[in-house]
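Chemist: Sharing a model prediction with you, sequence too.
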Amino acid sequence: MTNSSSLNTLNPEQRKAAETVQGRVLILAGAGCGKTLVLTMRMAHLVHSGIAKPEEILGLTFTNKAAAEMRRRMAKLLGEERSKKITLCTFHSFCLMVLRKDIQHLGYTKHFSLYDAHDIHRLITQISRTLLEHESVMPSLSPTINAISKARSQGVFDENSPVNDQWHDQFTKDVHKRLQDSLRAYNAVDFDNLLCLTVELFMKKPHILDEYQNRFRYLMIDEYQDTNPVQYQLAAHLSNKHNNLCVVGDDDQSIYGWRGAEVRNILEFDKACVIKLQQNYRSTNTILNAANAVIKNNKMRRDKELWSAIEGGESLEVFHAPTEIDEAQAVADRIVKLKESKNLSWKDIAILYRSNSLSRQIEMALLKKTWKNGDRWIQGVPYQIFGGEEYYERREVKDIMAYLRVILNPFDQEALLRIINLPRRGIGEETLDKLTSLNRQEGIPLWQVLQRQILNNTLELTDRSQKALEQFSNLMSEAKQKFENGNLRESVKWLIERVDFKRSIHEEVKSEKMRAFKWENVEEFVSAIGDYEDNLHKELRPQDISLHDFLTTTPLGQDKPFRQEKNIQEEKVTLMTFHSAKGLEFKACFLIGLEDHIIPHEKSLKETGIEEERRLMYVAITRAKRYLTLSMAKQRKRVGKDMPSRPSRFLFEIPKELLHISQWNCPP
DNA sequence: CGTCAGCGGGTTTTT
DNA sequence: CCCGCTGACG
């Protein structure tokens, strides 16, 4: 055992948390208190002491990043070999693993498609259109989409669900019902159902649950404050036998209520033992005092107070600019000054904001900023924005994946509709309408309607349309053959050529530059799927399984065939939302746009309430290690119009003596 | 069947 | 202001 892996390096609370391994344990870990350290040490301790074998430990996280970080640290503590045997993954990939093995008990086949939020959105739009066929106007769908996504995270997965009586209106209920029916008919599973179906499987097939219960005698869950009711059920099922469940989290950092997380899960965790970690190793006391002062205004929380051995620290810098443009400029100025005077590098600095739209002005200011490096003048502060579109979500990538989805699972109607006329091959709206009406009325899968139509032209289509359908069908069977016999990389290459994918990009995108970019993405896709294939053990993975693996793991992002690592190692200033900053830390943070209606966000106030907004503010403050600057503007463009803005009410909760209020345009 | 203008709507987002 | 979708036209 090396020095750093010894329990002696932990503080008494941390040590207790790592050593208490039996029964139900709740670890309340404040921001920056060494939560991940404790979790990994606890696992290492389980193994070292011989209490558990690595393969008997299951660690569930919310993000791939967290899982990867734990994995990395586990390898250090236990060595590659043993750490690999611990199951460390996200809830979603865990469920994917379970379903991949046993989904046939639920009426799906192993070739099921995985739908992401985009697919679901499209599907809901379609369903609503059908449902409202005779209405003259379509209502806005966002309330429906929101309500449905929330309900599903509560575990409403069929009509018999216990929580099925909380729908606001009949329409939403109907849409939801059809959504579930469609998914089933398409042999498709989405992110929410991944979890729901696993619970369903465990309830219907106790012997399968038994298998997992016997295998995973020790269960640990990270960021427990973010669990939704379905995840709660999952945890309950899995830990039911041995009852060794350790959950780690911080009620003060629960900021995902709007997508179904229940703070109550952590507040009411029924436990044998509670351990609080309150010593923070990240920030100065000044910063922590500000954070403590803000969060203590929340009623719904467990009492906690962070403290740090890092004494003193500089006051929080506050300034109030006339407009959002001035604010952005002032931030750029201060960033350069701060970097100079404190000898920081760009990557030590982050600019955080409540909503993405606030990044625009900042970007412009950073681009414009000129600064001096030694005796040279340099234009522009290097920066990096997080939260853009994921690679696999880009249209062209999803289009190719849609082809693969249909090849593997022709019932995947969502994907089929996506590609049936892409690139344009003369299967237009009218033809499609006729096909889908049969599909809707008789409930016959679109794929079958298509095949029948080709055989005996029941719909009496024109020759031209009929030809187009035939050609499409031939194309798909040719492709199927190819994929069954050839290797993945070659088959995909062939497919792109054969369907003339270049043309579809040409049709969809106007600018030459954008086209080049999209085509690059396509080429990257080919190489990514090739790499993926090379890394598989072919003997163990027949062709159709590896294609399925690829299509399901890619949206879940765990095996990162192409996702560029979201690392902050580059020499750039980081720009991101408060939400995506959770879990990260920076020497210097700039929180911008601290105005009422932005934080607390007025819409959010109505939906999730002020306490969640306050927690968000708390998360933002606790990202800073040494220097924290708070800013706002007196006037800000809102939906194109200049509007007056007031400082956030949360600012007034920070004791004055911690603040240094400065002139907006004259940095210290 | 395909294109383009005009209209409505705009918090956070990982999996 | 900026985006995406709808629906009217060529």
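Modeler: Yes, it's here.

Chemist: my read: residue A:498 touches residue A:478, true?
Modeler: Yes. In this structure, residue A:498 is within contact of residue A:478 by Cβ atoms under 8 Å, at 7.5 Å. C-betas here are computed from N, CA, C, even on glycine.

Chemist: who's in contact with residue A:329?
Modeler: A:365, A:368-369 (Cβ atoms under 8 Å, 6 or more residues apart in numbering).

Chemist: switch the cut-off to 7 Å
Modeler: residue A:365 (Cβ atoms under 7 Å, 6 or more residues apart in numbering).

Chemist: Regarding it, what is its secondary structure?
Modeler: helix (DSSP: H, G, I helix; E, B strand; the rest coil).

Chemist: Please report the confidence value the model assigns to it.
Modeler: Reported pLDDT at residue A:329 in the predicted model: 94.

Chemist: can you check residue A:259 too?
Modeler: 85.

Chemist: One more: the one 5 residues further on?
Modeler: In this prediction, residue A:264 carries a pLDDT score of 90.

Chemist: Look at it and say how many residues are nearby.
Modeler: 15 (other Cβ atoms under 10 Å).

Chemist: Which of the helices or strands spans it?
Modeler: In the assignment (DSSP states H and E), residue A:264 maps to helix A:263-267.

Chemist: Tell me who's in contact with the residue of chain A found nearest DNA strand B.
Modeler: Residue nearest to DNA strand B within chain A (Cβ to the nearest atom of the strand): residue A:428, separated by 1.8 Å. By Cβ under 7 Å, 6+ apart, residue A:428 lies in contact with residue A:421.

Chemist: Would you double-check that residue A:321 falls in a helix?
Modeler: No. Judged by three-state DSSP, residue A:321 forms no part of a helix; its state is strand.

Chemist: check contacts around it.
Modeler: So residue A:321 contacts A:327, A:330, A:631, A:633, A:664 (Cβ under 7 Å, 6+ apart).

Chemist: Highest neighbour count among these?
Modeler: residue A:327 (29 neighbours).

Chemist: who does the nearest residue to it once chain neighbours are set aside bridge with?
Modeler: Counting by Cβ to Cβ, 6 or more residues apart in numbering, residue A:327 lies nearest to residue A:321, which is 3.8 Å off, once chain neighbours are set aside. Taking DSSP bridges as the rule, residue A:321 bridges to residue A:633.

Chemist: DNA strand C contacts on the stretch 501-650 of chain A?
Modeler: By Cβ under 7 Å from any atom of the strand, the residues of the stretch 501-650 of chain A that approach DNA strand C are A:637, A:639-640.

Chemist: For those residues, which single residue is the most surrounded?
Modeler: That'd be residue A:637 among these, by other Cβ under 10 Å, with 15 neighbours.

Chemist: quick check, it in a helix?
Modeler: No. Applying three-state DSSP, one finds residue A:637 to be strand, outside a helix.

Chemist: which residues does it contact?
Modeler: By Cβ under 7 Å, 6+ apart, the neighbours of residue A:637 are residue A:324.

Chemist: So, low pLDDT: which residues of the stretch 501-650 of chain A?
Modeler: By pLDDT under 70, the weakly predicted segments of the stretch 501-650 of chain A are A:509-511, A:537-543, A:558-569.

Chemist: Just the closest of the residues of the stretch 501-650 of chain A next to DNA strand C to residue A:89, please.
Modeler: When these are ranked by distance to residue A:89 (Cβ to Cβ), residue A:639 comes first, at 41.5 Å.

Chemist: sorry, back to before: how close does the residue nearest to residue A:327 get to residue A:355?
Modeler: Taking Cβ to Cβ, to the nearest Å as the measure, residue A:321 and residue A:355 are separated by 18 Å.

Chemist: burial of the residue in the stretch 251-400 of chain A positioned nearest to DNA strand C, as a residue count?
Modeler: Nearest residue of the stretch 251-400 of chain A to DNA strand C: residue A:360, at 7.6 Å (Cβ to the nearest atom of the strand). By other Cβ under 10 Å, 12 other residues sit near residue A:360.

Chemist: any idea which element it lies in?
Modeler: Counting by DSSP H and E, residue A:360 is part of helix A:359-368.

Chemist: Buried residues of that helix, list them for me.
Modeler: A:359, A:361-363, A:365-366 (16 or more other Cβ atoms under 10 Å).

Chemist: Residue A:550: which of these is nearest?
Modeler: residue A:359 (32.8 Å).

Chemist: now the closest one, nearest residue through space, not along the chain?
Modeler: In space, residue A:359 is closest to residue A:575, 5.4 Å off (Cβ to Cβ, 6+ apart).

Chemist: Next: residue A:427.
Modeler: Here the residue nearest residue A:427, using Cβ to Cβ, 6+ apart, is residue A:421, at 4.5 Å.

Chemist: What is the neighbour count of the one you found?
Modeler: Neighbours of residue A:421 (other Cβ under 10 Å): 17.

Chemist: Now do the same for it: helix, strand or coil?
Modeler: Quick answer, by three-state DSSP: residue A:421 is coil.

Chemist: Then residue A:536?
Modeler: Residue A:536 ends up coil, using three-state DSSP.

Chemist: And residue A:570, by the same measure?
Modeler: coil.

Chemist: Verify the stated contact: it with residue A:384.
Modeler: Yes. The pair residue A:570 / residue A:384 is scored as a contact, 6.2 Å apart, by Cβ atoms under 7 Å.

Chemist: of the two, who's got more company?
Modeler: residue A:384 (17 against 12).

Chemist: nearest residue to that one other than its sequence neighbours?
Modeler: residue A:572 (4.2 Å).

Chemist: For that neighbour, grab the count of nearby residues.
Modeler: 17.

Chemist: Equivalent analysis for residue A:129, please.
Modeler: Neighbour tally, residue A:129, other Cβ under 10 Å: 12.

Chemist: how about the helix or strand it falls within: buried residues?
Modeler: Using DSSP H and E, the element containing residue A:129 is helix A:117-131. Across helix A:117-131, burial judged by 16+ other Cβ under 10 Å covers A:119-120, A:123-124, A:126-128.
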